[in-house]
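In: sharing a sequence plus its predicted fold:
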Amino acid sequence: MPSTSRKALAALLILGLVWGVGLGCGSEQKPVSKKAAEFREKALSLLSKAKKRLAPLSEQKKHEQLRQALRELYKDSVDNEQALPCGVGIIDPSGRAIMGAFPDPEAKGGLMVVDGGRDYSQYDKVKKAINTRGNSHFTLYTSDGTVYMICSPLNESGRSGAVCLAFFQGTLHEDLGVSEEDFASLNFN
């Protein structure tokens, strides 16, 4: 085989390998739908704001301040047209909810805030989310139905636990138009 043919063949093989790695197996999977991409951006924004505002108040003795911060977070997200129909909560290092809030049109200010509540300590995915670096997302199958969670560990000033967003199946699929496959393919880091 002439030298130029070998060089051309080698160049084609290298280009094929670069294309395969760059577009296929080496790259992050893209969301299947535009709605999933929009959902990801809104969820990351809300999670970031929630973590900044709520993390310093995650201690039991700051309940009233935490309650007020949850109300302000919700009001700000509505005012900025970034509200998501989900629960926002703080869980302690064992996975028990310290406090949570969720939209409720019949509650004061359109938001129901509850002390304590859900105990997620029996879910390994929640325990892993608290102890991992970066954000985690996963699906929980609870007695109340399927819940899609996005959590970010606190790890500030030696505290641990996590800030979490919780979406119920009907809300995620029907109201937001995000399929289970889309949710699983998203990267929240």
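Out: Happy to help now that I have it. All of these numbers come straight from a predicted model, not from anything done at the bench.
In: neighbouring strands for the longest strand belonging to the chain, and are they parallel or not?
Out: In the chain, taking DSSP state E as the definition, the longest strand is strand 145-153. With DSSP bridges as the test, strand 145-153 is paired with strand 136-142 (antiparallel), strand 162-168 (antiparallel).
In: for the residue nearest the centre of the chain, give the beta-bridge partners.
Out: Closest residue to the average C-alpha location of the chain: residue 150 at 2.6 Å, with C-alpha atoms, centre = their mean. For residue 150, the beta-bridge partners under DSSP bridges are residue 137, residue 165.
In: for residue 64, see how far away it is.
Out: Using C-beta to C-beta, to the nearest Å, residue 150 is found at 26 Å from residue 64. C-beta here means a position set from N, CA and C on the backbone, and glycine is covered the same way.
In: so residue 94 sits in a strand?
Out: No: applying DSSP: H, G, I helix; E, B strand; the rest coil, one finds residue 94 to be coil, outside a strand.
In: neighbours of it, just the number please.
Out: By the criterion of other C-beta atoms under 10 Å, residue 94 has 13 neighbours.
In: all numbers from here: first residue = 315
Out: Noted, 315 is the first residue going forward, which turns the last one into residue 408.
In: show me what contacts the closest residue to it other than its chain neighbours?
Out: Nearest non-adjacent residue to residue 408, counting by C-beta to C-beta, 6 or more residues apart in numbering: residue 435, 4.8 Å away. Residues in contact with residue 435 (C-beta atoms under 8 Å, 6 or more residues apart in numbering) are 408, 409, 410, 441.
In: make CSV out of those residues and add distance to residue 497.
Out: What follows is the contacts of residue 435, written out as CSV (distance: C-beta to C-beta, whole Å):
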residue, distance to residue 497
408, 26
409, 21
410, 25
441, 20
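In: top of those residues by neighbour count?
Out: Counting neighbours by other C-beta under 10 Å, residue 409 comes out on top of those with 22 neighbours.
In: hmm, that one is touching residue 434, no?
Out: Yes: when contacts are counted by C-beta atoms under 8 Å, residue 409 is listed as touching residue 434 (4.2 Å).
In: what is in contact with those two at once?
Out: Residues touching both residue 409 and residue 434 (C-beta under 8 Å, 6+ apart): residue 440.
In: doesn't residue 366 lie inside a helix?
Out: Yes: assignment of residue 366 by three-state DSSP places it within a helix.
In: state the distance from it to residue 461.
Out: Going from residue 366 to residue 461 by C-beta to C-beta gives 24 Å.
In: kindly report the same for residue 376.
Out: According to C-beta to C-beta, residue 376 and residue 461 sit 26 Å apart.
In: compare these two (neighbour count), which wins?
Out: A direct count of neighbours by other C-beta under 10 Å for residue 376 and residue 461 places residue 461 higher, at 22 against 16.
In: from residue 376, how far out is residue 410?
Out: Taking C-beta to C-beta, one finds residue 410 at 16 Å from residue 376.
In: what's the closest non-adjacent residue to residue 367?
Out: Nearest to residue 367 is residue 383, by C-beta to C-beta, 6+ apart, at 5.0 Å.
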